[in-house]
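Trainee: Just need the structure, nothing else, for what follows:
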Amino acid sequence: MLKGRESLVRLIGRRRRFLPNCQSLLSSPIQSSLNLCTDKDGKIFSAKTDDSEASDVVKCPVCGKNVSTDDNIINTHLDACLSRGTKRKLTQRTLLQLNFCAQPKGQIHSNETEHQITNVVSEDPAKILVENAICGLSNTVAVEEDDNIHAGSPLRFECLELTCKAGSSDNQINKIDCQDKMPSPDTEALKHHVDLTIDDISGATLQTFIVGRRFSDEKGINLGNSISLLREPHNLKDPYAIKVLSAGSGCCKVLGYLPRELSQYLSPLIEKSCLSFEGYVTSAPKHSLDVVPIKITCHKIISDCEIDDDIEFSKCLWKRVLHVVESAKKYPSSTIKYQHNFNLLIQEVLRSNSHLFTDNERVFMESFSTLSVDSQRLFIRLYTRKGPWFRLASISYREVLDSQEAVKELCANGYICCFEDKNELHDDMKEICNLLTISELPEILSVLKKGVDVASLLMSLCNLLVLRLQNCIRGSRKQDLIAFLLRSYEDGLCPLLPNMILDRTGTCIRISSKAESLIWRAERLFFLNGEQDLSAFLLVDLGIVKYPTYNCIISEQIFSSLSDLLAYEEAIELAQIMDQSLDKNNVELVLRCLMIADSCISSTYSEAIQSTTSELASTFHSCFSASWVYSKVILLGISFLEPFMNLFLVNYCPQVMLALLKSTHLEWIPLIDYFLSNWLACLMPPVDGDLTSVTTKSIPFLCFRYHDAVNLLKRSLHHFTCDGRRGYWTLRLSVDLEHLGCPNESLSVAEDGLLDPWVRAGSRMALQRRVLRLGKPPRRWKTPSFSESIERKIPEVHIQGRPLNCELGTKSRFYGEDGEQCGVEQLALQHYAGEGGGWQGVHTESGIWLTIFGLLMWDILFFDVPDVFRTKFQTAPLDLDTDSFYLVRKNLIESQLQKVHDGMAEEILITSWESHVGTACRGVNWDRHSLSELRAAVTCIGGSRLASLCRHLAEDYRSWSSGMPDLLLWRFHGEYRGEAKLVEVKGPRDRLSEQQRAWLLLLMDCGFNVEVCKVSATPIST
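Mentor: Numbers count the residues shown, from 1 in each chain. Purely as a prediction, here's the structure:
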């Protein structure tokens, strides 16, 4: 993969189906000094892109792997992925069925509000409720009168306002009277029940449901079956889980669980107030996995257990229980959770980012909540599918009662577009053709055969295949048939094609471009990245991901104005066009995207980049600017140009097909199928070189465009004066200049780079080595001062192994000492465990170090710092990769490192592990490393060395979070003393990278015992 491609793909996220600025971006004049793509007259080639092409793959929310967007493949992958271990098994229908609810923002009695704190609740709900009751905060989850939204969930907002008065340095917290946005019928009932005692609660009746029927021991449930409840505190997914047991037979079988929303508040009541519940089934389910309505009655256990004396505690819990039950009565269906989440996402974005929408856009977004239930659900279903076009006749969802009426309402309100007229088909011909099934395409081909010249059709097919060969594109049989139909239509051979397509598809619908753009903007503002979407809620709901507890202190907006956001969106559109062009091998469009990015950076340089101070550039805010996105496009373009390959494939004579047709006596449709399946082999020249029926217009050749890459690198270094990527840019510029035969300039660039404070880690090491290599007499007579440091000898150890494979380009495999196949790292571990000195250890690379750093610095990572936590789904502060992370928290970090230096690392590690195990944190891998391994490593490394390593990560996490040695080894001398060794393992054809070399020398400076283990193949005796 090209350098920077993976980072750009993560930035883009899910590809947008509609790019509103695509045509203006590609057609507007370019003011750039680059001239990467011109014809003989010096004019830029006209380039087109398919802006509606959807992504061919989606990212699995569980394992993170890319999966084909085919529905069957997604279902199969999710079933396999979520059924591993203790993970629940799901289908695609439940992908978005999770529960997220936001605490409503109450009236704020202050005109000087500057900071807003959002507390993300992930602690004990009972404790939170009591604390909030004392603070005077309402714990009622917002419920709308409209039945578009249903019950609340554990993940919610609790907002406080922090006011800063002019001329005062003291911040003062004002309590907010958080009330429901709309009064609900059960408000008075809730107020009444708050005054109840535990004795009054006994005998109360609750109506709820049995969920989790997939884990039931009894598939059949009948009306009136007796049930009882049993706490399951050791449940791995939910410590507040309550099992529902059948009470009618001698043996109690598990029927399922109470809803998570209810059990998290009912569990503390059962345990602390000694309550029990019994009940019965009020309605038999139609299907074995459906939720089961039940009615349960509370009973007080007469025992010697100590009754909870905290009346306020019990009142708050009971209030929450009643609220969840009442909400469930009003919104009983579990199939509309995705609708609830979608509405809340829109509401939260409009509440916190209203200045980033025009009046018309706000009205349009707010109108979604006024749509009917069916319309909302249908829109969300279509939005989360690949599309962009859908057959109206094929749309069927169990929770959408009337799809036809829903489509009419959505069309009337501008959320979807539909057409059934062939005159509207031309612009979307390709997308509509994708709706045809593989059986319908041959039917259309058979119709086209009548009255059409076969030779003309074959000539069109031949031209299509040559075009695909030139662009190195090889598609599926369906895509090839569609391409052939479109080519024939463009050549005027089948003018009735639109009629034949619509006769089979019927009315088609798609999400409108306005709705697509605004919902995409809402998702991006909510998550602040392209990698997360509604599936993030799913992972929280299933217990697969648990996010840490932190406060969101917002003092300033990331996007200060709508114009800034629109520029950012336009830049991401260009990045998507660039990414799609690379997929299609569209060289002209790739080069044009490069020129557009360069032009945009140049035009904004005087306004934005020139005013960017070092302090601002060292923060994360620059990552949300258009210039940042354009710089990533340029970075990818540089790796595309080094070297740039222009491959002109041979053009073959179309008469080859006609000759084959005459000689085979085949029907023309089978012949087309044959060519579509074997077009590459068919068009290859004969092995004997007989090219009598083939004419070549050009031959393959390579064209290295280092001049263009050099220009882009120079401009990037000129524009972005404070950027962590300057090290890579400077190194590439020096290398390219040497390729162009300019060693003196290459040396000067390397020397200047060493004076740049933003050139660090491996890039700095590489430039130092280049200066030593290029700066020999007569170019330079003075030896640099750093020469002695970087030329230090790193200890090496050589071991031999019996190779399993010797192919170039493949990872080396060996037979281990136990006879099993293994890699070079496992072979080295076996060597060090045996004759190498009795070492224990793990193959970890950077993993164990980032895990140790995350655990030791946990409280500092999630400390209250303004603006670094903005969403409820972060695993690290936004400024972790910037210099400001250390500068803002310097006192805290140094205090913690002093404790590590004084030998308290193991104690801190154990405490952090036990407090946060399983909670997502960037760099921390709970599954790969056990606590015993981490304790052994920390003990044997020693406090001073560990503190020095953690300081480097805190000061520059971005530069030092990769390239660490492969193996961490340790051995004890007694019970509390030991030693550690770090080893970089290299196979027969491997060598140290500059980043690895920089790490090894840094570790030597910190006092670590390091060495390089080189594995070679055992000589074969003759």
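Trainee: residue contacts, P743?
Mentor: Shown in contact with P743 (Cβ atoms under 8 Å, 6 or more residues apart in numbering): 737, 774, 779. (Each C-beta comes from the backbone N, C-alpha and C, glycine too.)
Trainee: Wait, the last one touches S746, no?
Mentor: Right, R779. No: here R779 lies out of contact with S746, judged by Cβ atoms under 8 Å, at a distance of 10.3 Å.
Trainee: Comparing these two, which shows the higher neighbour count?
Mentor: A count of neighbours by other Cβ atoms under 10 Å puts S746 above the other of R779 and S746, at 21 against 11.
Trainee: Now name the helix or strand holding the more buried one.
Mentor: Assessed by DSSP states H and E, S746 sits inside helix 743-754.
Trainee: which ones are touching T851?
Mentor: By Cβ under 8 Å, 6+ apart, the contact list for T851 reads 923-925, 928-929, 934.
Trainee: Drop the exposed ones from these and show what's left.
Mentor: Buried by 16 or more other Cβ atoms under 10 Å: 923-924, 929, 934, out of the contacts of T851.
Trainee: out of those residues, which are inside helices?
Mentor: Using DSSP state H, L934 are the members of the buried ones among the contacts of T851 that sit in helices.
Trainee: Nearest to R977 among the contacts of P743?
Mentor: Taking Cβ to Cβ as the measure, R977 lies nearest L774 of the contacts of P743, at 47.3 Å.
Trainee: how about CSV for the contacts of T851, with distance to G801 added?
Mentor: Compiled in CSV, these are given as follows (distance: Cβ to Cβ, whole Å):
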residue, distance to G801
G923, 32
V924, 33
N925, 28
R928, 25
H929, 26
L934, 29
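Trainee: of the residues you listed, closest to H707?
Mentor: G923 (40.4 Å).
Trainee: so what's that closest one up against?
Mentor: 850-851, 853-854, 876, 961.
Trainee: Now with 10 Å, please.
Mentor: 846-847, 849-855, 857, 861, 875-876, 880, 953, 957, 961 (Cβ atoms under 10 Å, 6 or more residues apart in numbering).
Trainee: before we move on, the earlier item: output the contacting helices and strands for the helix or strand following the helix holding S746.
Mentor: Moving toward the C-terminus from helix 743-754, the next helix or strand (DSSP H and E) is helix 761-774. Where contact means 3 or more Cβ pairs under 10 Å, 6 or more residues apart in numbering; DSSP states H and E, helix 761-774 is packed against helix 726-739, helix 743-754, helix 787-790, helix 957-960, helix 994-1005.
Trainee: okay, the angle between the helix holding S746 and helix 761-774?
Mentor: For helix 743-754 against helix 761-774, the angle between stretch directions is 140 degrees (axes from the mean of the first three to the mean of the last three Cα atoms, to 10 degrees).
Trainee: would you put the C-alpha positions of helix 743-754 in CSV?
Mentor: Provided in CSV are the C-alpha atoms of helix 743-754 (Å, rounded to 0.1, in the frame of the first residue of the first chain):
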residue,chain,number,x,y,z
PRO,A,743,24.0,15.3,-4.1
ASN,A,744,25.0,18.7,-2.9
GLU,A,745,21.5,20.0,-2.6
SER,A,746,20.5,16.6,-1.0
LEU,A,747,23.2,17.1,1.6
SER,A,748,22.1,20.6,2.3
VAL,A,749,18.5,19.6,2.8
ALA,A,750,19.5,16.9,5.2
GLU,A,751,21.7,19.3,7.2
ASP,A,752,18.9,21.8,7.4
GLY,A,753,16.5,19.1,8.5
LEU,A,754,18.7,18.3,11.5
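Trainee: Now that helix: average pLDDT?
Mentor: Mean pLDDT, computed over helix 743-754, is 94.
Trainee: go on, stretch 790-800?
Mentor: 91.
Trainee: sorry, back to before: tell me the buried residues within the contacts of G923.
Mentor: Looks like the contacts of G923 have 846-847, 849-855, 857, 861, 875-876, 880, 953, 957, 961 buried, using 16+ other Cβ under 10 Å.
Trainee: among the residues you listed, which are in helices?
Mentor: Counting by DSSP H, the part of the buried ones among the contacts of G923 found in helices is 847, 849-855, 861, 953, 957.
Trainee: Identify the farthest-apart pair in those residues.
Mentor: G847 and L861 (17.1 Å).
Trainee: Can you tell me which helix or strand of this protein has the lowest average pLDDT?
Mentor: When each helix and strand of the chain is scored by mean pLDDT, DSSP states H and E, strand 171-174 comes last, with a mean of 33.
Trainee: about what we covered before: so which of the contacts of P743 is the closest to L206?
Mentor: Distances from L206 to those, taken by Cβ to Cβ, are shortest for L737, at 75.9 Å.
Trainee: Can you check the pLDDT for that closest one?
Mentor: 92.
Trainee: Which residue is the nearest non-sequential neighbour of it?
Mentor: Excluding its sequence neighbours, the residue lying closest to L737 (Cβ to Cβ, 6 or more residues apart in numbering) is S746, at 3.9 Å.
Trainee: For that neighbour, give me its contacts.
Mentor: By Cβ under 10 Å, 6+ apart, the contact set of S746 is 733-740, 770-771, 774.
Trainee: Look up how far L392 lies from it.
Mentor: 63 Å (Cβ to Cβ, to the nearest Å).
Trainee: re earlier: could you dump the buried ones among the contacts of T851 to CSV with distance to F537 and pLDDT?
Mentor: Listed next are these as CSV, based on distance: Cβ to Cβ, whole Å; pLDDT from 0 to 100:
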residue, distance to F537, pLDDT
G923, 24, 93
V924, 22, 95
H929, 29, 88
L934, 31, 94
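Trainee: Between which two of the buried ones among the contacts of T851 is the distance greatest?
Mentor: G923 and L934 (13.0 Å).
Trainee: hey, what's in contact with both of these two?
Mentor: 851-852, 855.
Trainee: Where does the closest residue to S7 other than its chain neighbours fall, secondary structure wise?
Mentor: Take S7 and drop its neighbours on the chain: the residue closest to it by Cβ to Cβ, 6+ apart is K632, 6.3 Å away. Using DSSP H and E, K632 maps to helix 626-641.
Trainee: Could you list the low-confidence segments of the stretch 501-650 of the chain?
Mentor: Under the criterion pLDDT under 70, the flagged ranges of the stretch 501-650 of the chain are 604-619, 643-650.
Trainee: residue boundaries of the strands in it?
Mentor: With DSSP state E, counting those that start in this stretch as the criterion, the stretch 501-650 of the chain has strands at 508-511, 551-554.
Trainee: Provide the strand pairings for the last one, with the direction of each partner.
Mentor: Same thing as strand 551-554. Looking at strand 551-554 with DSSP bridges, its partner strands are strand 113-119 (antiparallel).
Trainee: Tell me which of the helices and strands packed on helix 761-774 lies nearest to C418.
Mentor: Using Cβ to Cβ, those put helix 957-960 closest to C418, at 48.0 Å.
Trainee: Mind listing residues that contact that closest one?
Mentor: Contacts with helix 957-960, where a contact means Cβ under 10 Å, 6+ apart, come from 724-725, 727, 758-764, 846, 849-850, 853, 876, 879-883, 885-886, 922-923, 949, 952-954, 995, 998-999, 1002.
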